[in-house]
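*Asks:* coords please:
(2 chains)
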Protein chains: 2
Amino acid sequence: MKEHILPKGFLASGIHCGIKKKRKDLSLFYSEKACKVAALFTRNTVKAAPVLLAREQLKKGGYVRAVVVNSGNANCMTGRGGMRDAKRMARGVAKLLCIPHREALVSSTGIIGKPMVMKPIMDGMAVLVAGLSTRGLIDAAEGIMTTDRFTKIVCRTFTVGGKKIIMTGIAKGAGMVKPDMATVLCYILTDASISQEAIKRALSSSIDVSLNAITVDGDMSTNDTMMLLANGEAGNRLIREKGKDFELFRKNLEIVSRDLAGMIVRDGEGASKVIKVRVKGARTGSDAKKVAGTVANSLLVKCAVLGGDPNWGRIASSAGASGVVFDPGKMQIILDGITFFKRGRAVSSVTRKTASVFKGRDVRIEVDLHSGKGEASVLSCDISKKYITLNSHYTT
Amino acid sequence: MKEHILPKGFLASGIHCGIKKKRKDLSLFYSEKACKVAALFTRNTVKAAPVLLAREQLKKGGYVRAVVVNSGNANCMTGRGGMRDAKRMARGVAKLLCIPHREALVSSTGIIGKPMVMKPIMDGMAVLVAGLSTRGLIDAAEGIMTTDRFTKIVCRTFTVGGKKIIMTGIAKGAGMVKPDMATVLCYILTDASISQEAIKRALSSSIDVSLNAITVDGDMSTNDTMMLLANGEAGNRLIREKGKDFELFRKNLEIVSRDLAGMIVRDGEGASKVIKVRVKGARTGSDAKKVAGTVANSLLVKCAVLGGDPNWGRIASSAGASGVVFDPGKMQIILDGITFFKRGRAVSSVTRKTASVFKGRDVRIEVDLHSGKGEASVLSCDISKKYITLNSHYTT
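*Replies:* Below is the predicted model of the structure:
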């Protein structure tokens, strides 16, 4: 396993404060210097209080020094009290860190509709701040976990004008919290020096191929948050929104986010296999994305993958159900490298090879519509009885 | 149980011809007099050959005398050969019945992508025609079944100008065929005398509240077909596209289709409970439909219902994920008659009553957005481990 380190000037910590029974439930990411920041939030009409608050804080622009995250309670559908609690968290941690409170952001993940119990959090934040350390990364990654089976950390280094830059991403997965909701939280920290324009552009361009290109169960969360914080401590020449430096930064950010996205799918609740859906030959990229998304979300396709059944008719049917118009006669369906349908007919000569299809830990579904140059990929996972067990238990 | 009869002038039969191992797999509906017809087909881009053929036949207008239906093979993604086979079925049955072949329609349901084996069908059609009878309704309803656990027949009578009219609907459910696809086939036969305009209008208006308002797993089939055949044998005054007679006809058609739709959901694969999702107070009817559809299809909501868990946060989250913009603070969430969220906050006083919520055979989810007059209802069902067992087995 590669070493996971925080970028220069960043500290982190994670503790158990008492929202959950036993596991860590409160984390802090802190930068000694003010960070440029870019952030993306859920498009769900129902947004958690910390999401609303962070959007408000970032609307005015400005810098960020700290992000405090709790797991176990989403602070969503909690009305005015929820917003008050989110603000208390931001102000509380800012005060302890002696920074302006608008430089502290909050995220929450967990059960929807349950009022926050603030005492353990307010008490815990003092411990959190006291425990800040350059070696606190794993603790912090643990503190944001819900039903995740493993921590999700990706670390990369690259060089801009002779200066080494570190980029570290931390995420929590699309599992259901005590089985209540699907949430993705993702924080990417870097010591790169980068312009405000460039940091925003880089984040937007990386999300389409990473967190927006995965699905576990098609349910959109109320708390999704992705943040990119850059404190400039690497001392590199400023990365602007164009050119070689930007491309390098963007490429590394894309890899970090894509790797985190892959880990999230791998850790999908009850999932046993990762499904890579690739659509090409669509008339447009948007068409390709629609087809890939519909196939990736199809319950019948997920069941077929679980059962190791190369049931390509379901893939044809769900591609057609995407709303995209194409000629089914031109469609080609390739499962784990073996063509099952081509030029209007089933390819029966390969049936003897099909015993291996959908049997691996990673499976590939490729659909070529042979009608243009539009391409898209979506990562998904199979659905198992465990998913249903996890998500049908009484919790509220 | 009410008596199920065919309308005047209609005959039916159903047999086992050999597509499936044991159960009936070939059915015929026949009218002694030519019928006016209206039909609706799947909007899937991938359409089965019989759907393409029937659309073509009906495009030219004209009358229909017979519909032959096979189960066990969908005749979909079968290329030119599939179209040839569908035509052979239409011509074959027409010849045996001594009617023009354009007056015979074909439907198929079953596995996608498997070539038809025509000999048992061609041989079977002679037996089918010989067996036509006024008492053949149940046999015919059995012949179109796939994984359905029970036949779906609804029969109603009403009077237009002193003449008794019979309307009989037969459907096969949204189960997965040997677990390959979700298909709805629905035939409604009536002896009413009705104009061409009126029959089309009546069918279109009834589908939105029946077959288009149900979901089992969100997978759209390649073979969906709904047909309304009217032979005029009741001898009533012609029902035109407006007025009291039309309203009466439309109302009865709506009840028949709605009852069939309800049976289909009740018989959803592995389903144990029917979920009635009702959304009101949306700005528009279309908004209400989007919200209801997203809630009805949410895997997390289905899991909560299965587990008897009144996890209303999931309903809020999936309503918000529908893409419809509303004020979450105004949203009211009522489960089995008990309000869980209202005026921006959880209603905790009712928690002691919640033990009964989601425990019945039918459960109700009501969402009131308190923002307008848009309303919509969708019927759904829970998801169980049995669904996954049924749909993950190797079949192709």
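*Asks:* how many other residues sit next to the residue of the stretch 101-250 of chain A found nearest chain B?
*Replies:* Taking C-beta to the nearest C-beta, chain B has its nearest neighbour within the stretch 101-250 of chain A at A:I112, 2.7 Å off. For every residue, glycine as well, the C-beta is placed using N, CA and C. A:I112: 29 surrounding residues under other C-beta atoms under 10 Å in any protein chain shown.
*Asks:* and it, what does it touch?
*Replies:* A:I112 makes contacts with A:48, A:74, A:76-77, A:180-181, A:222, B:313-314, B:316-317, as judged by C-beta atoms under 8 Å, 6 or more residues apart in numbering or on different chains.
*Asks:* and with 10 Å instead?
*Replies:* Applying C-beta atoms under 10 Å, 6 or more residues apart in numbering or on different chains, we find A:I112 in contact with A:46, A:48, A:73-78, A:177, A:180-181, A:183, A:221-223, A:396, B:311-317, B:341, B:346.
*Asks:* same deal with A:F341?
*Replies:* So A:F341 contacts A:312-313, A:315-316, A:328-329, A:331-335, A:347, A:367, B:77, B:79, B:112-113 (C-beta under 10 Å, 6+ apart).
*Asks:* and with 8 Å instead?
*Replies:* A:312, A:316, A:331-333, A:347, B:77, B:113.
*Asks:* Any buried residues in stretch A:20-35, and which?
*Replies:* By 16 or more other C-beta atoms under 10 Å in any protein chain shown, the buried positions in stretch A:20-35 come out as A:20, A:24-31, A:34-35.
*Asks:* cool, stretch A:313-324 as well?
*Replies:* A:313-322, A:324.
*Asks:* out of these, which are inside helices?
*Replies:* A:313-320 (DSSP state H).
*Asks:* Closest one to A:S286 out of those residues, please.
*Replies:* Nearest to A:S286 among those is A:A319, at 14.7 Å by C-beta to C-beta.
*Asks:* Not counting sequence-adjacent ones, nearest residue to the closest one?
*Replies:* Spatially, and ignoring its direct neighbours in sequence, A:A319 is nearest to A:V291 (5.0 Å; C-beta to C-beta, 6 or more residues apart in numbering or on different chains).
*Asks:* List the residues that contact the one you found.
*Replies:* A:279, A:282, A:319, A:322, A:324, A:326, A:367, A:369, A:376.
*Asks:* hmm, try it at 10 Å
*Replies:* Here A:V291 is in contact with A:277, A:279-280, A:282, A:315, A:318-324, A:326, A:331, A:367, A:369, A:374, A:376, A:378, B:45 (C-beta under 10 Å, 6+ apart).
*Asks:* max-length strand in chain A?
*Replies:* strand A:26-41 (DSSP state E).
*Asks:* Next, format the contacts of A:F341 as TSV and append secondary structure.
*Replies:* As requested, the contacts of A:F341 are exported to TSV (DSSP: H, G, I helix; E, B strand; the rest coil):
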residue	secondary structure
A:W312	helix
A:A316	helix
A:M331	coil
A:Q332	strand
A:I333	strand
A:V347	coil
B:M77	coil
B:G113	coil
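*Asks:* would CSV of the residues you listed with pLDDT and distance to A:R258 be doable?
*Replies:* CSV is the format used below for the contacts of A:F341 (pLDDT from 0 to 100; distance: C-beta to C-beta, whole Å):
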residue, pLDDT, distance to A:R258
A:W312, 91, 27
A:A316, 92, 28
A:M331, 95, 27
A:Q332, 96, 26
A:I333, 95, 25
A:V347, 86, 32
B:M77, 89, 33
B:G113, 87, 33
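*Asks:* tell me the pLDDT at the residue nearest to A:S317 when sequence neighbours are not counted?
*Replies:* Nearest residue to A:S317, sequence neighbours excluded (C-beta to C-beta, 6+ apart): B:T222, at 5.1 Å. Each residue has a pLDDT score; the one for B:T222 is 82.
*Asks:* Quickly find the element holding B:T222.
*Replies:* Assigned by DSSP states H and E, B:T222 belongs to no helix or strand.
*Asks:* what number of residues lie near it?
*Replies:* Neighbours of B:T222 (other C-beta under 10 Å): 31.
*Asks:* is it true that it touches B:T42?
*Replies:* Yes. Assessed by C-beta atoms under 10 Å, B:T222 is found in contact with B:T42 at 6.1 Å.
*Asks:* intersection of neighbour lists for these two?
*Replies:* A:317, A:320-321, B:48, B:51, B:76, B:183.
*Asks:* which parts of the least confident helix or strand in chain A by mean pLDDT are buried?
*Replies:* Lowest mean confidence among the helices and strands of chain A (mean pLDDT, DSSP states H and E): helix A:385-392, at a mean of 81. For helix A:385-392, burial by neighbour count (16+ other C-beta under 10 Å) applies to A:385, A:387-392.
*Asks:* give the contact list for the residue nearest to A:M116 when sequence neighbours are not counted.
*Replies:* Among residues not flanking A:M116 along the chain, A:D85 sits closest, at 4.3 Å (C-beta to C-beta, 6+ apart). By C-beta under 10 Å, 6+ apart, the residues touching A:D85 are A:49-50, A:53, A:73, A:75, A:78, A:106, A:108, A:115-118, A:121-122.
*Asks:* Next, format those as TSV and append secondary structure and pLDDT.
*Replies:* Below are the contacts of A:D85 laid out as TSV (DSSP: H, G, I helix; E, B strand; the rest coil; pLDDT from 0 to 100):
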residue	secondary structure	pLDDT
A:A49	helix	95
A:P50	helix	96
A:L53	helix	96
A:N73	strand	93
A:N75	coil	94
A:T78	coil	91
A:V106	strand	97
A:S108	strand	95
A:P115	coil	92
A:M116	coil	95
A:V117	coil	94
A:M118	helix	97
A:I121	helix	97
A:M122	helix	97
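*Asks:* Which members of these are classed as buried?
*Replies:* Buried, going by 16+ other C-beta under 10 Å: A:49-50, A:53, A:73, A:75, A:78, A:106, A:108, A:116, A:121, out of the contacts of A:D85.
*Asks:* Kindly reformat those residues as TSV and extend each row with distance to B:L189.
*Replies:* Formatted as TSV, the buried ones among the contacts of A:D85 follow (distance: C-beta to C-beta, whole Å):
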residue	distance to B:L189
A:A49	57
A:P50	58
A:L53	61
A:N73	57
A:N75	57
A:T78	55
A:V106	63
A:S108	57
A:M116	60
A:I121	66
